[in-house]
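Student: kindly generate the corresponding structure for this input.
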Amino acid sequence: MPEKQKPQEKPKSSKQFIRENIAKLIWTFVIFMGFIWAVNYFLIDVNELSFWLNEKMPVWSVFLLFFSSESLLGILPPDLFIIWSQSLPEPWLSLTVLAFLSYVGGIISFGIGRLLNRIPAIDRLVHKRYTKLSEEFRTFGALAIFLAALTPLPFSPVSIIAGSLDYPLARYLLVALSRILRYFIYASFLFYLY
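Tutor: Here you go, the predicted model:
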């Protein structure tokens with residue numbers, strides 16, 4: 001007796017996908033800002049940490065540390081560096097440097113993804129085994145990149161994925177510009193908080 005085939009799921013429309021994820025974006029932002037407040041209030045004095053960075057490390061080395069993190073895996077939270085930039089003589093200029101370093105770091109991550117895709121085993125894995133994911137990323141990749149650029153989602157790994165899935169570079173560069181916007185939005189909140 002032949003098995004019954006499952007009916008294929010109807011793909012989500014762009015509007016439906018965006019509607020579902022806007023609410024997630026808002027909640028993520030609210031929870032993240034609450035988390036920053038709680039960490040500062042209960043665990044770590046962020047002002048003290050910022051002071052330590054200024055006293056123990058030259059400014060150029062902090063920028064280099066930040067750029068390395070943003071280019072590889074985005075392990076260090078950018079918000080710490082945003083708060084740190086406030087303690088510098090020109091906070092908004094320092095913030096602008098951080099924002100551009102983050103954007104360029106994302107481009108390097110994208111390039112790493114492209115290089116990884118040249119490895120035959122990874123190419124087979126991505127394009128054969130995860131064909132559906134690859135197709136979905138082509139459809140909704142701009143939204144994923146945008147959300148990773150604006151929220152605490154890890155921007156560097158999303159950029160690596162975009163590169164390895166052959167996401168168009170020109171489109172990536174345009175959408176990733178929202179990463180710069182993130183720094184000014186967060187700074188307007190964090191500079192007021194600290």
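
Student: this structure: strands as residue ranges?
Tutor: In the chain, no segments count as strands under DSSP state E.

Student: shaky segments in it?
Tutor: Applying pLDDT under 70 to the chain flags the ranges 1-26, 28-29, 32-33, 36-37, 39-41, 43-54, 130, 194.

Student: show me what contacts the residue nearest the centre of it?
Tutor: With distances taken as CA atoms, centre = their mean, F155 lies nearest the centre of the chain, 2.0 Å away. Counting by CB atoms under 8 Å, 6 or more residues apart in numbering, F155 touches E70, G74, S102, G106, S109, A148, A149, R179. No exception for glycine: its C-beta is placed from N, CA and C like everyone else's.

Student: G141 now?
Tutor: G141 neighbours (CB under 8 Å, 6+ apart): A162, L165, Y167, R171.

Student: would you map the helices across this protein?
Tutor: 14-38, 46-56, 59-71, 78-86, 91-117, 120-124, 131-150, 155-164, 169-176, 178-193 (DSSP state H).

Student: what's the farthest-apart pair in the contacts of G141?
Tutor: L165 and R171 (12.1 Å; CB to CB).

Student: from V175, how far out is the nearest residue in space to A148 that is not next to it in sequence?
Tutor: Excluding the flanking residues, the one nearest A148 by CB to CB, 6 or more residues apart in numbering is V158, at 3.8 Å. As judged by CB to CB, to the nearest Å, V158 and V175 stand 11 Å apart.

Student: now list whatever residues contact both of these two.
Tutor: By CB under 8 Å, 6+ apart, the residues touching both V158 and V175 are I145.

Student: compare the two (neighbour count), which wins?
Tutor: Between V158 and V175, counting by other CB atoms under 10 Å, V158 is the more crowded of the two (24 against 19).

Student: my read: that one touches F146, true?
Tutor: No: using CB atoms under 8 Å, V158 makes no contact with F146, being 9.8 Å away.
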